[in-house]
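# Quick one, structure for this:
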Amino acid sequence: MADDDNVSRRTEEAEALTSFYDDDFLAHVDTDGDQASPEAGPSPALLANGPWRIRVAPKVVLEMRLPPDYPSEAAPVPYLRAPHYA
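Okay, here's the model as predicted:
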């Protein structure tokens, strides 16, 4: 039951992120941080499982990987993708 609750809570959170970040909440990105899919928005499976990606600047993406027990027991693991600044 906890897994179902985690999936439900992650889906709700991702929907809120989609509402807040709009086009900067990316369904699929390539390694340079560009939108790689013409999808209008993330699928429900992506919302529940992640990783979540938010464009914070041109070619800079914050990626949050979601452990299976997020959000009930674990935190997301953040990665900042900025290939042109490395």
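# Break down the protein into its strands, ranges please.
Applying DSSP state E to the chain gives strands spanning 25-26, 52-57, 60-65, 77-81.
# looking at those strands, which is buried most?
Most buried of these, by mean neighbour count (mean count of other Cβ atoms under 10 Å): strand 25-26, with a mean of 22. C-beta: built from backbone N, CA, C; applies to glycine.
# Okay, now the sheet partners of that strand, with direction.
Its sheet considered, strand 25-26 pairs with strand 52-57 (antiparallel) by DSSP bridges.
# now what about the partner strand, what contacts it?
Strand 52-57 is contacted by residues 14, 17, 21, 23-26, 29, 33, 61-64, 66, 76, 80-82 when judged by Cβ atoms under 8 Å, 6 or more residues apart in numbering.
# returning to what we had before: residue 7 is nearest to which of the strands of the chain?
In terms of Cβ to Cβ, the element of the strands of the chain nearest to residue 7 is strand 52-57, at 13.9 Å.
# The residue nearest to residue 26 when sequence neighbours are not counted and residue 72: what is the separation?
In space, and not counting its chain neighbours, residue 26 is closest to residue 53: 4.2 Å by Cβ to Cβ, 6 or more residues apart in numbering. Residue 53 sits at a distance of 22 Å from residue 72 (criterion: Cβ to Cβ, to the nearest Å).
# tally of neighbours for residue 70?
Residues near residue 70, counting by other Cβ atoms under 10 Å, number 18.
# Not including adjacent chain positions, what is the nearest residue to it?
Using Cβ to Cβ, 6+ apart, the nearest residue to residue 70 is residue 76, at 5.8 Å.
# Give me the below-cutoff pLDDT ranges for this structure.
1-2, 27-46, 86 (pLDDT under 70).
# which residues does the spatially most central residue of it bridge with?
Central residue of the chain (Cα atoms, centre = their mean): residue 52, 0.9 Å from the mean position. Residue 52 has these beta-bridge partners by DSSP bridges: residue 64.
# Quick check: it vs residue 22, distance?
For residue 52, the distance to residue 22 - Cβ to Cβ - is 14 Å.
# Is residue 81 bridged to anything, and to what?
Beta-bridge partners, per DSSP bridges, of residue 81: residue 61.
# Correct me if wrong: it contacts residue 63.
Yes. Shown here, residue 81 and residue 63 form a contact pair, counting by Cβ atoms under 8 Å, at 5.7 Å.
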